[in-house]
Every structure is written in C-alpha cells, then in structure tokens.
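Colleague: here you go, sequence then predicted model.
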Amino acid sequence: MKLPFLDREGEGARIRRMLEGETGSFGVLYGRRRCGKSRLLRETIPSDRSVYFVGDHRAAVLQRAGLATEIGRRIEAFDRVNYPDWDALLGRWWKDAAPGSVLVLDELPSLVEGSSDLPSILQKLVDGNEKGSPHLVVAGSSQRMMQGLVLDRSAPLFGRATEILKIRPLAAGWITTALEIKGATDAIEAFAMLGGVPRYWELAADYPDLPAAVLSLILDPLGVLHDEPGRLLLDDLRDTTQSASILHLIGSGCHRVSEIAGRLGKPATSLARPLQRLVEMGLVIREIPFGAPQRGTKRSVYHIDDPFLRFFFRCVEPKRSLLEVREPASVWREMIPGVRHHVASIWEDLARESVPRLQLHGGEWGPAARWWGPGLNRKPLEIDVVAEELGGNRLLVGEVKWNAGHKAERILRELLIKIEALPFAQGRDVLPVLWLPIKPSVPISCPIVTAEDVLSRMR
C-alpha cells in the first residue's frame, strides 16, 4: 500500500524556492534509509524540467549509460553518444540543458564508490554556475559518506551547497494518518514498534493490525525488517561489530559508559568515539539530568533514540535464536511483558518532547528533560519531566504513567512528595503535571496530558 505524502512542508518549500532562481543552485539531502528522501524529491522537483537518476553499485560505464538514457528523454540524441568519463557526460549536460533544468543524482555515494573523481567534477561545474545554468540536487542514505562528500571541510563540494537538508523520521502524530489508527493509545503502541520511518508504516499498512505486522515484518526471520538494524549500520560504518554490540548492551539495560565498557572488556575511554558516532547517526541519545552542564558531567547515560531500534534491541534481538526454531507467534506471547515496558519508555520520551508544544496553565515551556540524583532527604530521586517556563520563573515537574489502571489521585500525591524533596524546586512556583494515556474518570487538581493531547501536537 502506498502512503499519502505526509509532512515535509518545510523541506519541500526550501527545495522549491531553491529551484526558482535563475542561477544554477546545488541542493543536498541526506539521512537514514527509508525516511522518504526519494519520495520528497519526486513530489517536489518539477517533472517537466528534471532528470532523476538513482545510483547503484554497477560499473561506472554502465551508470553513465543509464544516466545518458535518462537525459536522452530531455535532450534529443543525448544517449546516442558513448561518454568515456563523467567529465564528458556532465559537461555536455551543463552546456545543453535548458535554463531551469534540474539534475537529481540520488544515492550519490553509490556513484562515487566507482568514480572517486566525481565530486571534483561536480565541484568544477557548480563553481562555474551562472544565469541559465542547470540546478543540481544530490541525495544519499549513507550519512557518513554524504558528510564526507559535502560537509567535511576537505571535501571538494564543501561550502557550495545552496541548501543542506537532513531528512529525519516523521513525528509520531503522523502515524494516525498513515495507518488510519483511530485510538491514540493504539497509535503510540504502533509508533513504539515502528518508529517514524515512512517505509515501515507503508509495509505495516498491508496488515490487518499491529501484531500481525510485527510478527510478519520484524519477528519472522524472513521478514523484510528482521535484518534492518544490520543494514542501517552497514550504510554508515565500516566495522559494524562494535556498534551492534553497543546497541545490544544499551537495549539490554546497560546505559552508562562504565557498564558498557565493563561488559565489552574495554576501557571506557575507547568508547567515546563509537558512542559519539551513534549519536551523530541519530540512533543513540546521550541523556544528562535536567540542569546539568553538557560537558564534564559524569552522570550521563545513553539510550537508543530510535523507537524501532530500541524495540528491536530491547525485545527482538534477545529472542533471535528462538525465532529461528519456533513460531514467531509463540515467541511474541513471551515478549508481551517486555513490550509493555518498551511502549511505556517511548511514551515517556513523547511526554518530554511534547512539553514545548503545549500551552500548560497559560505558559510556554522550554525543552524538558528527566532528572535524577539525591533528594533533599538524601534518598535517590527520579523525576520523569522537568522544564522551565520561558520568560518566567515557574518550574514544570511531571510524572508519566502508561498503565491506565494507575489511580491518578495517588500518582499526584506521590509527585507532590517528590517535588518537596527536589533540591532546585525550593522557593519556586512549581506546576505539577501528569501524563496519562486517557483522562481519569475523577477530576484531578493539576493539568492532565493524554495520549491524544500529545499526538495532536506531534506533527
């Protein structure tokens, strides 16, 4: 099932504005696979004056012939010439293309693998752009290679781009439209397992419900997404073993560098660069307590940031051996308690992410974070959500629960006790807030944010 084109209004507007100029422009799109880069280009680039070509792993001579064939649809007899190199082919395109024409080279890293001189050739052409020159747009899923080709200071194309757009997964609220989910809690459960990657939603839309999609796509060893984490790592890393091991350990509950290093039998200092690379790829997030300095704190922990990968490494990967010898449905039944905990953790993330988008108690709030540490009573204390009012002195302190069976009155009482022990809350006007999946049946004397409230703003 093909999904409707969702969101991307900001990215699309920037691309269209770039292509309106009379002088040739250079646009760059990158981001992890299956996030919709190609779809965005097809929906945005004017089809009547563009040439779209997807690179692959064939020999360079075959790729040039393929591109010449596509250009031949715009320029008569262009493909009847045998081009000995990229310089000859692209030079002729730059010379003969009609003003305002657009050349899209999708999966540029695949083209460069077989033609290392291609970036320098493109640089020469882009540097010579003038009024009437064609526009160039390049895209790629290998974030490492795209950054090396365009964003690294030593790269030939560095500093030439008119627009550089990192295409990220879609926000959680769009999954209700994509999968036609009516219940907000059902939508959050789906987002917790599929994340925000449009292609995963498209695959899941062919199944009658979420469990059926998870069983067939993810749990089944023959499923399309069963080996997806490995493919994601191969896109961006030369050696995937260490990164896969780190993700496995974080998924199994090792969140501190010392814990990860201990399990791997390595010094903690050796993990700084591998962890930073996973953070740059958007797969892992470094979390520090609210108010702690970004640098120098020893209280940081690491979590898998992407919901699909967190679900995979927390719930699926430990069961992979079982999935090879048993029916996925029976393994799924054993996984359900762990899946519930996983969904609750994603709900917490969404609660914090929603804070700046909510108008709570007449205020606008800054970014929210978790806080943990010793309370005033010197006992360990953990707060799910903490944020400060923008332009004010109020402090928002929140508790997040996913189990609808919890009594809201009791949760509020427990939160108020925590606030009394919170060191930096003393002497401040504190707004307690509860995040619950649905509205409680009994009115509560503090703001309640439900799953529906969160999803409606996560677009």
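Modeller: Sure, I can see it.
Colleague: what number of residues are in the vicinity of A13?
Modeller: 11 (other C-beta atoms under 10 Å). Placement of C-beta: from N, CA and C, glycine included.
Colleague: do the one 5 residues further on as well
Modeller: By other C-beta under 10 Å, the residues close to M18 number 19.
Colleague: same check, this time on G148
Modeller: Neighbour tally, G148, other C-beta under 10 Å: 16.
Colleague: swap in R256?
Modeller: For R256, using other C-beta under 10 Å, the count is 15.
Colleague: that one touches H303, doesn't it?
Modeller: No: the pair R256 / H303 is not scored as a contact, 11.1 Å apart, by C-beta atoms under 8 Å.
Colleague: which residues do those two both contact?
Modeller: Shared contacts of R256 and H303, defined by C-beta atoms under 8 Å, 6 or more residues apart in numbering, are absent.
Colleague: could you list the low-pLDDT ranges of the stretch 251-400 of the chain?
Modeller: 296 (pLDDT under 70).
Colleague: for it, just list every one of the strands.
Modeller: Here the stretch 251-400 of the chain has its strands, by DSSP state E, counting those that start in this stretch, at 284-287, 301-304, 369-374, 380-388, 395-400.
Colleague: adjacent strands (with direction) for the second one?
Modeller: For strand 301-304, the paired strands and their directions (DSSP bridges) are strand 284-287 (antiparallel).
Colleague: what's the closest non-adjacent residue to Q143?
Modeller: For Q143, ignoring the flanking residues on the chain, the nearest one in space by C-beta to C-beta, 6 or more residues apart in numbering is D236 at 5.3 Å.
Colleague: which ones are touching the one you found?
Modeller: 142-145, 277, 281.
Colleague: which element is the nearest residue to W94 once chain neighbours are set aside on?
Modeller: In space, W94 comes closest to L125 once its chain neighbours are excluded; the distance is 5.2 Å by C-beta to C-beta, 6+ apart. Counting by DSSP states H and E, the element that carries L125 is helix 118-127.
Colleague: in that helix, which residues are buried?
Modeller: Residues of helix 118-127 classed as buried: 118-119, 121-123, 125-126 (neighbour count, 16 or more other C-beta atoms under 10 Å).
Colleague: which helices and strands sit right next to that helix?
Modeller: Packing contacts for helix 118-127, counted by 3 or more C-beta pairs under 8 Å, 6 or more residues apart in numbering; DSSP states H and E, involve helix 86-96, helix 108-114, strand 135-140.
Colleague: where exactly do the helices run in the stretch 151-300 of the chain?
Modeller: 175-178, 184-194, 198-204, 210-214, 228-236, 240-251, 257-264, 272-280 (DSSP state H, counting those that start in this stretch).
Colleague: how much space separates G12 from R457?
Modeller: As judged by C-beta to C-beta, to the nearest Å, G12 and R457 stand 21 Å apart.
Colleague: about what we covered before: reformat the buried residues of helix 118-127 as JSON lines; add distance to V343.
Modeller: As requested, those are exported to JSON lines (distance: C-beta to C-beta, whole Å):
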{"residue": "L118", "distance to V343": "45"}
{"residue": "P119", "distance to V343": "44"}
{"residue": "I121", "distance to V343": "50"}
{"residue": "L122", "distance to V343": "45"}
{"residue": "Q123", "distance to V343": "48"}
{"residue": "L125", "distance to V343": "50"}
{"residue": "V126", "distance to V343": "47"}
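Colleague: so which of the strands of the stretch 251-400 of the chain is nearest L179?
Modeller: strand 301-304 (22.5 Å; C-beta to C-beta).
Colleague: can you list contacts of that closest one?
Modeller: By C-beta under 8 Å, 6+ apart, strand 301-304 touches 247, 250-251, 255-257, 260, 275, 283-288, 310, 313-314.
Colleague: try 7 Å
Modeller: For strand 301-304, contacts defined as C-beta atoms under 7 Å, 6 or more residues apart in numbering pick out 247, 250-251, 255-256, 275, 283-287, 310, 313.
Colleague: closest one of those to G398?
Modeller: Among the contacts of strand 301-304, and counting by C-beta to C-beta, the member closest to G398 is E287, at 16.2 Å.
Colleague: the residue lying closest to that closest one once chain neighbours are set aside - how many residues pack around it?
Modeller: Nearest non-adjacent residue to E287, counting by C-beta to C-beta, 6+ apart: V301, 5.2 Å away. Residues lying near V301 (other C-beta under 10 Å) number 17.
Colleague: before we move on, what about I218?
Modeller: Should you count by other C-beta under 10 Å, I218 turns out to have 25 residues around it.
Colleague: cool, R160 as well?
Modeller: 17.
Colleague: cool, the one 4 residues further on as well?
Modeller: Applying other C-beta under 10 Å, we find 15 residues neighbouring I164.
Colleague: dump the residue contacts of the residue nearest to it when sequence neighbours are not counted.
Modeller: Distances taken as C-beta to C-beta, 6+ apart place V28 nearest to I164, at 4.6 Å, with adjacent residues excluded. Counting by C-beta under 7 Å, 6+ apart, V28 touches 138, 150, 161, 163-165.
Colleague: what score does G405 have for pLDDT?
Modeller: For G405, the pLDDT comes out at 66.
Colleague: to L264, which of the strands of the stretch 251-400 of the chain lies closest?
Modeller: L264 lies closest, by C-beta to C-beta, to one member of the strands of the stretch 251-400 of the chain: strand 301-304, at 13.4 Å.
Colleague: among the strands of the stretch 251-400 of the chain, which comes closest to P221?
Modeller: strand 301-304 (21.7 Å).
Colleague: and for R168, the neighbour number?
Modeller: R168 has 14 neighbours, counted by other C-beta under 10 Å.
Colleague: typed the wrong thing, it's G27
Modeller: 22.
Colleague: need the winner for burial among the strands of the stretch 251-400 of the chain.
Modeller: Highest mean neighbour count among the strands of the stretch 251-400 of the chain (mean count of other C-beta atoms under 10 Å): strand 395-400, with a mean of 23.
Colleague: what strands flank it, and is each parallel or antiparallel?
Modeller: Strand pairing for strand 395-400, using DSSP bridges, gives strand 380-388 (antiparallel), strand 430-435 (parallel).
Colleague: need those in JSON lines with distance to L217, can you?
Modeller: JSON lines is the format used below for the strands paired with strand 395-400 (distance: least, C-beta to C-beta, whole Å):
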{"stretch": "strand 380-388", "distance to L217": "31"}
{"stretch": "strand 430-435", "distance to L217": "29"}
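Colleague: what residue spans form the domains of this structure?
Modeller: According to automatic domain parsing, the chain comprises the domains 9-166, 174-351, 354-457.
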